[in-house]
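Trainee: predicted coordinates and the sequence they were generated for:
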Amino acid sequence: MTAGTETVGTKAAPDAAARAGTTRGRLVLQGIHKALGGKEVVRGIDLTMEPGEFLTLLGPSGCGKSTTLNMVAGHLLPDSGVVEVDGRDITHLPANRRAMGMVFQSYALFPHMTVAENIAFGLRMRKVGAAQRRRRATEALELVGLDGMGERYPRQLSGGQRQRTALARALIVEPDLLLLDEPFSNLDAQLRVRLREEVAALQRRVGTTTILVTHDQDEALAVSDRIAVMAEGTIHQLDAPETVYLRPATDFVAQFVGEVNVLDGIAAGAAAEGHRCRIGDTHLLTATPVGAAPGDGEAVRLYVRPEAVRVLAVSEGVPPAGTAARPGLPGTVEATRFLGTRIRCVVATAAGRVEATLPFGSEVPRLGEEVICAWQPQHASLTARP
Ligand SMILES: Nc1ncnc2c1ncn2[C@@H]1O[C@H](COP(=O)(O)OP(=O)(O)OP(=O)(O)O)[C@@H](O)[C@H]1O
């Protein structure tokens, strides 16, 4: 997609601040641009985070996530734009004078220091006395589930324990913002899932405003209050995980966040439950517009996830009396595949193939059966066709 695309859903998560009674760490990024190696890699980022919010920058490698995070941290200076925390412009403030805690993929622990010394490092830099350092390091060790491991060295820890150490080191200074740059990428799949759940729970307990950078959709969906989906230096959509998943705003978001059915049609007016989209002469589908509602007759694109599609027997999909066009999309079952916990069903329709994922235990439609594909309007998004 292009630069200058209107970002959808820019309002902040309403309940994040209330969660832990947090009042610190309101971040505003305004018109941030940055070129590196002669190429503009961040192209106009606008973003507001409420105190206590957990926001994820999600996107493919090279889309500018880490560059954005590094401008928040103060490791990079934007070419233009403003970084503000709690109403204070910190754009030009050096990194060591910002109250940020950062965790990297590579742990970045000091190998010659014990775990407790690593954790207390930020306090030492701030000239906190030895007794208080020891007490707070012990508390931080407990916070991340490493009680009793303070005297070990990083080499004596597992990957997960090292990352917990890095997290404790970031949190001990009670930062305004916690910045996590792909912190789970070096861990094996099982541990990655466990640690991300722990980090999400810990964040909700301590309430530190947090930004996570990741290219992993599942991770973003699992832990975030909101997700900013990025591509080529811009934010394509900024919304709650459910909204990003069920109502993607652009082709890129739809394809990047999971499997999706893409159907092209013509806008046909608002309905009580959503907006109508006409496919051919006879089929009317309903979906929820993302951004401004399209004008009648405008070319539109509808996105619906396979999980949101229901496959109804024709008798179940009978239109209500008096309806001119039929709701739902009729078609013929072309393939069914048993996937263990789910069943995949492929239906050939006038608008192309529609894939549906049916829950385990569903009645499997027969090959060649005439069916109707339907969904709840709030589970499909309607956008202007690019
Ligand atoms: N110091 C640099 N000099 C030149 N180009 C750079 C520099 N650092 C990053 N880039 C380029 O800027 C673009 C954005 O990089 P960035 O690290 O922000 O992406 P990312 O989305 O975090 O990706 P990844 O997940 O791979 O780190 C990439 O094309 C990268 O090659």
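Mentor: Yes, it's here. Numbers count the residues shown, from 1 in each chain.

Trainee: just the strands in the stretch 51-200 of the chain please.
Mentor: Under the criterion DSSP state E, counting those that start in this stretch, the stretch 51-200 of the chain carries strands at the ranges 54-58, 80-85, 88-89, 100-104, 177-181.

Trainee: most packed of those?
Mentor: Mean neighbours per residue, mean count of other Cβ atoms under 10 Å, is largest over those for strand 54-58, with a mean of 27. C-beta coordinates here come from the backbone N, C-alpha and C atoms, glycine included.

Trainee: count the residues that sit near Y303.
Mentor: A count of nearby residues for Y303, using other Cβ atoms under 10 Å, gives 25.

Trainee: SS state for it?
Mentor: The three-state label given to Y303 by DSSP: H, G, I helix; E, B strand; the rest coil is strand.

Trainee: need phi/psi at the nearest residue to it once chain neighbours are set aside.
Mentor: Nearest residue to Y303, sequence neighbours excluded (Cβ to Cβ, 6 or more residues apart in numbering): A254, at 4.5 Å. A254 adopts backbone torsions of phi -60, psi -50, taken as degrees, to the nearest 10.

Trainee: was I right about A254 contacting L246?
Mentor: No - in this structure, A254 is not within contact of L246 by Cβ atoms under 8 Å, at 10.4 Å.

Trainee: could you name every residue contacting both of the two?
Mentor: Residues touching both A254 and L246 (Cβ atoms under 8 Å, 6 or more residues apart in numbering): S381.

Trainee: about what we covered before: worst average pLDDT in the strands of the stretch 51-200 of the chain?
Mentor: In terms of mean pLDDT, the lowest-scoring of the strands of the stretch 51-200 of the chain is strand 100-104 (a mean of 91).

Trainee: tell me the angle of that one relative to strand 80-85?
Mentor: If you take axes from the mean of the first three to the mean of the last three Cα atoms, to 10 degrees, strand 100-104 sits at 110 degrees to strand 80-85.

Trainee: burial measure for L312, as a count.
Mentor: L312, neighbours per other Cβ under 10 Å, totals 16.

Trainee: distance of it from the ligand?
Mentor: According to Cβ to the nearest ligand atom, to the nearest Å, L312 and the ligand sit 42 Å apart.

Trainee: run through the residues that contact that residue.
Mentor: L312 makes contact with G328, V371, I372, C373, A374, according to Cβ under 8 Å, 6+ apart.

Trainee: now the fourth one: phi and psi?
Mentor: In other words, C373. Main-chain dihedrals, C373, degrees, to the nearest 10: phi -90, psi 130.

Trainee: repeat that for the one 5 residues further on.
Mentor: Here the main-chain torsion angles of Q378 (degrees, to the nearest 10) amount to phi -80, psi 0.

Trainee: can you get me a residue count around the closest residue to it other than its chain neighbours?
Mentor: Excluding the flanking residues, the one nearest Q378 by Cβ to Cβ, 6+ apart is T288, at 5.4 Å. Counted with other Cβ under 10 Å, the neighbours of T288 add up to 19.
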